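1. kindly generate the corresponding structure for this input.
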Amino acid sequence: MPELPEVETTKTSLAPLLGQRIIDIKVFQPKLRWAMPDDLDSLIDYTLDSVERRAKYLILNFLLLLPNDDSDAAQTATLVQRQLLVHLGMSGSLQQQSYGTENRKHDHLIIVFKGVNNTKVQLHYYDPRRFGSVLWHKDYSAKLLDHLGPEPLSDEFTADYLYQLIQRSNLLDHSADAVAVGKAKSKKQPIARAIKSVIMEQQVVVGVGNIYATESLYLSAIHPATPAHQLSHAQMIILVDHIKGILQKAIALGGSTLRDFTVADGQTGYFQQTLNVYGRQGETCPHCDAVLENIKINGRASVFCPNCQPIL
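-> Modelled structure (predicted):
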């Protein structure tokens with residue numbers, strides 16, 4: 001599955017299309033995780049203005065300048081905005097192709113752009129497993145985005161945030177009655193689930209997938225099954241620092257080299273070549289030469305070093 005670094009790399013790779021106008025849209029298979037809108041062709045003549053990322057979703061912002069019918073109006077044109085919300089699913093990608101390139105078996109959508117120099121290029125939405133989606137942002141943003149936690153590389157994601165969320169220390173009962181009797185109590189118990197599960201939950205922090213959770217915990221010397229509430233604030237500082245660092249490194253290297261993932265310019269990522277433990281169970285630890293072990297946490301493989309990451 002394309003993870004956050006792959007999606008961020010895809011966003012960056014779409015930069016050559018900024019400012020280009022859509023001249024044609026072809027839908028070959030609308031039945032993805034959710035059906036594509038049947039009015040995607042209404043984007044013809046719109047220009048791609050910007051591309052954003054929220055978690056593993058891409059938000060494509062389009063603009064259209066419409067003439068104003070009122071000749072006396074102060075403005076002579078109206079700017080209309082539309083947004084697409086795109087998810088790459090388990091195996092999807094957005095790939096730029098030369099104009100006239102035929103659609104392949106799993107090309108479900110082709111958007112044809114025309115640049116200022118009249119050159120044309122095609123953007124193909126390719127998704128063999130059809131778990132991705134192409135939707136109108138206004139129709140699905142509340143359902144798909146509003147519940148998400150902070151971005152891992154943002155200033156909002158800090159050790160203080162993660163520690164307080166896990167300890168529930170920011171969820172105290174400050175009602176007048178409780179304060180009056182000096183019995184302000186926590187409404188919820190601290191989170192005792194495995195720390196690896198917690199940092200992979202999208203409501204806690206977005207985009208920390210299995211690869212990056214596994215690697216971050218290894219670099220932090222934290223066993224993946226450690227109950228989250230047992231970690232100290234000092235350990236949270238180390239963990240958050242490694243989560244940020246490893247994601248930044250993965251983005252710089254174009255993401256992990258997944259079997260069927262390429263970005264818009266056809267390149268693949270190289271981060272997998274630098275992995276310490278993910279996918280290496282049975283091999284030796286690069287730090288201490290102990291044999292790497294694997295356990296399942298919430299059904300996901302969790303490779304760790306029993307010597308560098310002892311269970312507390």
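
2. ok, residue 162 touching residue 238?
-> No - the pair residue 162 / residue 238 is not scored as a contact, 11.3 Å apart, by CB atoms under 8 Å. In this view, the C-beta of every residue, glycine as well, is placed from N, C-alpha and C.

3. quick one, strands of the stretch 151-300 of the chain?
-> In the stretch 151-300 of the chain, the strands defined using DSSP state E, counting those that start in this stretch lie at 293-297, 300-304.

4. save those as TSV, and put in distance to residue 1, mean pLDDT and mean neighbour count too.
-> Formatted as TSV, the strands of the stretch 151-300 of the chain follow (distance: least, CB to CB, whole Å; pLDDT from 0 to 100; neighbours: other CB atoms under 10 Å):
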stretch	distance to residue 1	mean pLDDT	mean neighbour count
strand 293-297	17	97	14
strand 300-304	11	96	20
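
5. among those, single out whichever gets nearest to residue 27.
-> Evaluated with CB to CB, the strands of the stretch 151-300 of the chain place strand 300-304 nearest to residue 27, the distance being 34.1 Å.

6. please export the C-alpha coordinates of that closest one as CSV.
-> Extracted C-alpha coordinates of strand 300-304, given in CSV (Å, rounded to 0.1, in the frame of the first residue of the first chain):
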residue,chain,number,x,y,z
ARG,A,300,0.3,-6.9,11.2
ALA,A,301,3.9,-8.3,11.1
SER,A,302,6.0,-6.6,13.7
VAL,A,303,9.7,-7.3,13.3
PHE,A,304,12.0,-6.3,16.3
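
7. which residues does it contact?
-> 196, 200, 210, 214, 217-218, 223-225, 277-281, 292-296 (CB atoms under 8 Å, 6 or more residues apart in numbering).

8. ok, it: who's next to it in the sheet?
-> strand 293-297 (antiparallel) (DSSP bridges).

9. residues touching the partner strand, excluding its own?
-> 194, 196-197, 224-225, 281-282, 301-306.

10. most widely separated two among the residues you listed?
-> So, the contacts of strand 293-297 by CB to CB: farthest apart are 197 and 282, at 23.5 Å.

11. which one's more surrounded, these two?
-> residue 197 (18 against 9; other CB atoms under 10 Å).

12. and residue 180, what pLDDT?
-> Looking at residue 180, its pLDDT is 43.

13. and residue 66, what pLDDT?
-> 85.

14. for it, helix, strand, or coil?
-> On the three-state scheme (DSSP: H, G, I helix; E, B strand; the rest coil), residue 66 is labelled strand.

15. how many residues are close by residue 229?
-> 16.

16. buried set for stretch 282-290?
-> Within stretch 282-290, the residues scored as buried using 16 or more other CB atoms under 10 Å are residue 285.

17. what are the ranges of the helices in the stretch 151-300 of the chain?
-> Along the stretch 151-300 of the chain, counting by DSSP state H, counting those that start in this stretch, helices occupy 159-167, 176-180, 195-199, 210-219, 233-252.

18. dump these to TSV, plus distance to residue 108.
-> Below are the helices of the stretch 151-300 of the chain laid out as TSV (distance: least, CB to CB, whole Å):
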stretch	distance to residue 108
helix 159-167	38
helix 176-180	55
helix 195-199	32
helix 210-219	26
helix 233-252	26
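
19. of these, which is nearest residue 60?
-> Using CB to CB, those put helix 233-252 closest to residue 60, at 19.3 Å.
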